[in-house]
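In: Below are the sequence and a predicted model for it; my questions follow.
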Amino acid sequence: MATSRKIPMRQCVGCGEMKPKKELIRVIKTAENEIFLDATGRKNGRGAYICASSGCLEKAKKSKGLSRSFKMEIPGEIYEELKKEMEKIEMR
């Protein structure tokens, strides 16, 4: 009997859709309260997941999805850095 593998699902903090973990980009907060994208998905820190589109990043900013996930206020310049990193990933 062949067993099917379970696909890990995560919820996007922007649009709120449940998607397979590999389709989403991980945003992490380190112990030093630094916030950045984790393209590998393996770095240490508290993680939140977001779709690989700048539209979902804007939705997350508007709904304060990342602020809720990380239990802290996210400054505007952090969102600008995330947007630049997101554009680099979208180019690939």
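Out: Cool, the structure landed.

In: residue ranges with poor pLDDT in the protein?
Out: 1-2, 92 (pLDDT under 70).

In: what ranges do the strands span in it?
Out: For the chain, strands defined by DSSP state E occupy the ranges 9-11, 18-20, 24-29, 35-38, 46-51.

In: Relative to E90, which of the ones you listed is closest?
Out: E90 sits nearest to strand 24-29 of all these, at 9.8 Å, using Cβ to Cβ. All C-beta atoms are positioned from the backbone trio N, CA, C, and that covers glycine.

In: what packs against that closest one?
Out: Using 3 or more Cβ pairs under 8 Å, 6 or more residues apart in numbering; DSSP states H and E, the elements in contact with strand 24-29 are strand 35-38, strand 46-51, helix 76-91.

In: Throw the ones you listed into JSON lines and include distance to E17 and mean neighbour count, thanks.
Out: Output for those, formatted as JSON lines (distance: least, Cβ to Cβ, whole Å; neighbours: other Cβ atoms under 10 Å):
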{"stretch": "strand 35-38", "distance to E17": "19", "mean neighbour count": "18"}
{"stretch": "strand 46-51", "distance to E17": "7", "mean neighbour count": "20"}
{"stretch": "helix 76-91", "distance to E17": "17", "mean neighbour count": "13"}
